[in-house]
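# sequence-free structure coming up:
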C-alpha cells in the first residue's frame with residue numbers, strides 16, 4: 001500500500017507508490033535493483049580475492065553532483081524501467097540468499113539508504129540464517145538513526161560514507177547542509193549496533209563492524225582533514241576501519257561536474273600525499289586503507305549499461 005515517507009533526513013512527506021514516488025529520491029515501495037555483479041575492488045577486509053556479490057540499488061536520497069554512479073542515481077530523469085528489477089521484500093531476501101551461495105567472500109547492498117525500511121523487512125530471521133556470508137550495507141551516510149535501527153541484527157558490516165564535515169561543501173555538492181551531523185549520527189548508530197570491528201584470525205576478513213569511507217575531492221583538503229580528525233577523536237584504536245579513497249573521477253557526462261570547476265580534475269599527487277600523511281599521523285586510526293591515486297579512472301566504474 002502507498003505510504004507517506006519521512007524515512008530519511010529530507011523528510012519529503014511524499015507518497016511512495018508501488019514502483020515510484022514523488023520525493024527527492026523518486027523511490028517507491030518495491031526495491032529498485034539496477035545491477036547485480038561481482039565486484040573485485042572492495043577493501044581487503046571484505047574480500048580475499050574472490051570479490052563481493054554487490055547488489056546496486058537504483059536511485060539515491062543524496063544526489064551528489066559528482067556521483068560516480070550517475071547512471072543509476074536517478075539524476076538523469078525517468079529511468080529505463082526495462083533495465084531495473086523492482087523487487088518485493090520477499091524477492092529481495094531471496095536474491096540475498098542466492099548471491100550468498102556463490103564463492104564470493106561477502107554480499108553487499110550498495111546505496112540502499114532510501115530503502116532501509118524495505119531492506120529491513122526483507123532480511124527476516126529465516127533469510128539471515130540462510131545467508132552464510134557477511135552482509136555489507138554500503139551507504140551514503142545520509143540517514144536517520146531511527147531508520148538504521150531497523151537493521152539491527154540484520155546487517156553484519158555497515159559501510160557508511162563520511163563525505164563532508166563542511167556544511168558549505170555538503171550544501172554545494174549534495175544540497176544537504178545537514179549532512180555532516182546526520183552522517184555522524186549514522187556512523188555512531190552503526191557502531192552502537194555492531195560494536196568494534198571483528199576480523200577473522202585466519203583470513204583477516206571482517207566478520208562484523210563498521211567501515212567508514214571518505215572520498216578525497218579535489219581542492220578540499222580542509223574537509224578531508226576534518227573527516228580524519230572526527231574519526232580520530234571519536235573512536236578508539238581498533239574500533240572501526242577507515243578507508244581513505246582517491247578514486248574520484250571527473251566524469252564529463254555528469255552536468256554537476258562541468259558546473260563546478262574544482263571538480264573538473266582528479267586529485268593531484270600532492271593532495272593525495274598530504275591526505276595520506278595526515279591520516280598516518282593519527283594515533284587512534286589503526287585499521288585503515290589508503291587507495292592509490294592510480295585508482296581513479298572510468299575503468300573502475302561499473303558498467304551500468
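The structure has been received and is ready for your questions. Note that this is a predicted model, so its numbers are computed, not measured.
# Which helix in the protein has the most residues?
helix 179-194 (DSSP state H).
# Which strands or helices does that helix pack on?
helix 145-148, strand 157-160, helix 167-174, strand 206-215, helix 221-234 (3 or more C-beta pairs under 8 Å, 6 or more residues apart in numbering; DSSP states H and E). Where C-beta positions appear, they are placed from N, C-alpha and C, glycine not excepted.
# Could you export these as a markdown table, including mean pLDDT?
Formatted as a markdown table, these follow (pLDDT from 0 to 100):
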| stretch | mean pLDDT |
| --- | --- |
| helix 145-148 | 96 |
| strand 157-160 | 98 |
| helix 167-174 | 97 |
| strand 206-215 | 98 |
| helix 221-234 | 98 |
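# Which stretch among these is buried most, on average?
Comparing the helices and strands packed on helix 179-194 by mean neighbour count (mean count of other C-beta atoms under 10 Å), strand 157-160 ranks first with a mean of 25.
# Skip ahead from the longest helix of the chain and say which helix or strand is next.
strand 198-199 (DSSP states H and E).
# That following strand - which strands sit beside it in the sheet, and in what orientation?
strand 206-215 (antiparallel) (DSSP bridges).
# So in the chain, where's the weakest helix or strand by average pLDDT?
Least confident element among the helices and strands of the chain, by mean pLDDT, DSSP states H and E: helix 255-259 (a mean of 77).
# Low-confidence regions, this protein specifically.
Counting by pLDDT under 70, the ranges of the chain that qualify are 75-81, 295-305.
# For the spatially most central residue of the chain, name its beta-bridge partners.
Centroid-nearest residue in the chain, with C-alpha atoms, centre = their mean: residue 139, separated by 2.7 Å. Beta-bridge partners for residue 139, by DSSP bridges, are residue 160.
# Quick check: residue 40 vs residue 142, distance?
Note on residue 40: its distance to residue 142, by C-beta to C-beta, to the nearest Å, is 27 Å.
# Those two: who's more crowded?
Counted by other C-beta atoms under 10 Å, residue 40 and residue 142 do not tie: residue 142 has more neighbours, with 26 against 12.
# The more buried one contacts residue 62, correct?
Yes. Taking C-beta atoms under 8 Å as the definition, residue 142 is a contact partner of residue 62 at 4.7 Å.
# and residue 108, what does it touch?
Contacts for residue 108 were tallied using C-beta atoms under 8 Å, 6 or more residues apart in numbering; they are 39, 42, 46, 52-55, 135-138, 159.
# for it, helix, strand, or coil?
Per DSSP: H, G, I helix; E, B strand; the rest coil, the local secondary structure of residue 108 is strand.
# List the beta-bridge partners for it.
residue 54, residue 136.
# I'd like to know the beta-bridge partner residues of the closest residue to residue 22 other than its chain neighbours.
Leaving out its chain neighbours, the residue that sits closest to residue 22 by C-beta to C-beta, 6 or more residues apart in numbering is residue 14, at 4.1 Å. Judged by DSSP bridges, the bridge partners of residue 14 are residue 5.
# shouldn't residue 14 be in contact with residue 3?
No. Contact criterion C-beta under 8 Å: residue 14 and residue 3 do not qualify, at 9.8 Å.
# ok, those two, which is more surrounded?
Taking other C-beta under 10 Å, residue 14 and residue 3 do not tie; residue 14 has more neighbours (18 against 13).
# Give me the neighbour count for residue 294.
Around residue 294 there are 10 residues (other C-beta under 10 Å).
# Am I right that it is in a strand?
No. Counting by three-state DSSP, residue 294 is not found in a strand; it is helix.
# ok, it to residue 288 distance?
The value you get for residue 294 to residue 288, if C-beta to C-beta is used, is 19 Å.
# now residue 185
22 Å.
# Residue 221 touches residue 274, doesn't it?
Yes. When contacts are counted by C-beta under 8 Å, residue 221 is listed as touching residue 274 (6.0 Å).
# Please enumerate the shared neighbours of the two.
Joint contacts of residue 221 and residue 274 (C-beta under 8 Å, 6+ apart) do not exist.
# hang on, the earlier thing: identify each buried residue in the longest helix of the chain, please.
By neighbour count on 16 or more other C-beta atoms under 10 Å, the buried set for helix 179-194 is 179-180, 182-187, 189-191, 193-194.
# same check, this time on stretch 121-140
Buried residues in stretch 121-140 (16+ other C-beta under 10 Å): 121-123, 127-128, 131, 133-140.
# Stretch 48-55 too?
Buried-residue list, stretch 48-55, by 16+ other C-beta under 10 Å: 51-55.
# Give me the contact list for that stretch.
33, 35-40, 42, 46, 95-96, 99-100, 102-110, 133, 136, 138, 203, 205.
# ok, of these, which come out buried?
The buried subset of these - by 16+ other C-beta under 10 Å - is 33, 35, 37, 39, 42, 46, 95-96, 99-100, 104-110, 133, 136, 138, 205.
# Many thanks, I have nothing further to ask.
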